[in-house]
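*Asks:* after the sequence you'll find the predicted model.
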Amino acid sequence: GAVGLSRRDTLMDRPLSYTSLADLIQSYQEAYSAVFHTLRRVRLSQVLPHDPHSADTIEWRQLVVVLVEIPWSMARKEFGNYTRQMKKGFVSGPGRIVRGLKEARETGPRLETTGATSFLGKV
């Protein structure tokens, strides 16, 4: 699910009262746990342009954090870095995946898997 795309009240919109992006995501993680689900990964995009006629390309997966593979302290740090970068302005380039103790660069259309077969062929 995504922000606002759930039929459960606890998984819907949140008030703008969180002090950090990590606190907001942790709130969703707790809500998912309460209904016996696991928040496995979080995907964050670049800031969307306000101009409805903009031809800018949007990097929809600017940051992918695989929460089930890293400690929360590392995820919190990544969300803080993302927030600081967002305030400064993003530099175009491939998205980042944070999983385990290593980080990977985006290499193709499938970010979370390697060696998997998709409708696009071998990834």
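*Replies:* Yes, it's here.

*Asks:* skipping adjacent residues, who's closest to Leu21 in space?
*Replies:* Computed as CB to CB, 6 or more residues apart in numbering, the closest residue to Leu21 that is not its neighbour in sequence is Phe79, at 4.6 Å. Any C-beta I mention is one placed from the backbone N, CA and C, and that applies to glycine too.

*Asks:* quick check: that neighbour touching Ala22?
*Replies:* Yes. Between Phe79 and Ala22 there is a contact at 4.2 Å, judged by CB atoms under 8 Å.

*Asks:* specify the beta-bridge partners of the spatially most central residue of the chain.
*Replies:* The centroid of the chain falls nearest to Arg43 when counting by CA atoms, centre = their mean (1.9 Å). Arg43 has the following beta-bridge partners by DSSP bridges: Val64.

*Asks:* need the pLDDT of it.
*Replies:* You'll see Arg43 listed with a pLDDT of 90.

*Asks:* next: Leu24.
*Replies:* The model reports Leu24 with a pLDDT of 91.
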